[in-house]
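Peer 1: take this sequence and fold it.
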Amino acid sequence: REQFATPESIYLSKKSIDFFEKMSAITNYNILFRQGGYLFLAYDENSLESMKKNVEIQNRYGVKSRIMMPDEIKERYPYIDTSKIYGGAYNHRDGIVFPQAVVEAYAKGFQKYGGKIHTFTKAYNFKMNNGKIESVLTDKGEMKAKIFVGAAGAYTRIKRYKPSQEFFEYL
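Peer 2: As a prediction, this is how the structure comes out:
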């Protein structure tokens, strides 16, 4: 979704949606991306005012979110009981993507270009040289490469690696 309140999150989400819109074609793998829009509902005046401020910020950064009032919500979504709703924030580009399909698409593309994926491999440490990873010590031995991708999950305990400025410029 593009409906965030900070410029950084808005930028990242816009770029993500731009990419997901073409990822299936790029990877030749259906990531099951569907854009049906997203409607946040406000159940009190304060929530609606907060949504209005967020929509202003989003619009400032090129996101075409908008405020919908209860009568418009009821017309578009007749199954929603709008009797206790003050309004809502809507964005037509928001949608859903299936994470497993995205991972499969990345993996297939990565392997297509010569990348190797080591599943069920425990990484213990890095060998560093001038602030760059030279190799990774794993339960399957030492692995050397020019580029390493850590895809161990959000809660991995990588202790020594600090991304370089070059890494962020690449992104």
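Peer 1: next up, the contacts around residue 30.
Peer 2: Residues near residue 30 by Cβ atoms under 8 Å, 6 or more residues apart in numbering: 24, 101. Bear in mind the C-beta positions are built from the backbone N, C-alpha and C, glycine included.
Peer 1: quick one: it and residue 15, what's the gap?
Peer 2: 21 Å (Cβ to Cβ, to the nearest Å).
Peer 1: ok, now residue 46?
Peer 2: 31 Å.
Peer 1: buried sites along the biggest helix by length in the chain?
Peer 2: Ranked by residue count under DSSP state H, the longest helix found in the chain is helix 7-27. In terms of neighbour count (16 or more other Cβ atoms under 10 Å), helix 7-27 has its buried residues at 10, 13-14, 17, 20, 23-24, 27.
Peer 1: any idea how far stretch 113-128 is from the middle of the chain?
Peer 2: Relative to its parent chain, stretch 113-128 has a centroid offset of 23 Å by Cα atoms, centre = their mean, to the nearest Å.
Peer 1: average pLDDT for it?
Peer 2: Stretch 113-128 carries an average pLDDT of 86.
Peer 1: ends of it, how far apart?
Peer 2: 25 Å (Cα to Cα, to the nearest Å).
Peer 1: next one: stretch 107-126
Peer 2: Termini of stretch 107-126 sit 23 Å apart (Cα to Cα).
Peer 1: chain center to it: distance?
Peer 2: In terms of Cα atoms, centre = their mean, the centre of stretch 107-126 is found 21 Å from the chain centre.
Peer 1: ditto for stretch 36-53
Peer 2: Worked out by Cα atoms, centre = their mean, stretch 36-53 lies 22 Å from the chain centre.
Peer 1: dump that stretch to PDB, keeping only the CA atoms.
Peer 2: The C-alpha atoms that make up stretch 36-53 are tabulated as PDB, following Å, rounded to 0.1, in the frame of the first residue of the first chain:
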ATOM      1  CA  GLY A  36      -8.100  -3.700  -5.700                       C
ATOM      2  CA  GLY A  37      -7.400  -0.600  -3.700                       C
ATOM      3  CA  TYR A  38      -7.500  -0.100   0.000                       C
ATOM      4  CA  LEU A  39     -10.000   1.800   2.200                       C
ATOM      5  CA  PHE A  40      -9.200   2.800   5.700                       C
ATOM      6  CA  LEU A  41     -12.300   3.600   7.700                       C
ATOM      7  CA  ALA A  42     -12.600   6.400  10.400                       C
ATOM      8  CA  TYR A  43     -14.900   5.700  13.200                       C
ATOM      9  CA  ASP A  44     -14.500   9.100  14.900                       C
ATOM     10  CA  GLU A  45     -13.700  12.700  14.000                       C
ATOM     11  CA  ASN A  46     -10.100  12.500  15.200                       C
ATOM     12  CA  SER A  47      -9.400   9.500  13.000                       C
ATOM     13  CA  LEU A  48     -10.800  11.200  10.000                       C
ATOM     14  CA  GLU A  49      -8.800  14.400  10.700                       C
ATOM     15  CA  SER A  50      -5.600  12.300  11.000                       C
ATOM     16  CA  MET A  51      -6.500  10.500   7.700                       C
ATOM     17  CA  LYS A  52      -7.000  13.900   6.000                       C
ATOM     18  CA  LYS A  53      -3.500  15.000   7.100                       C
END
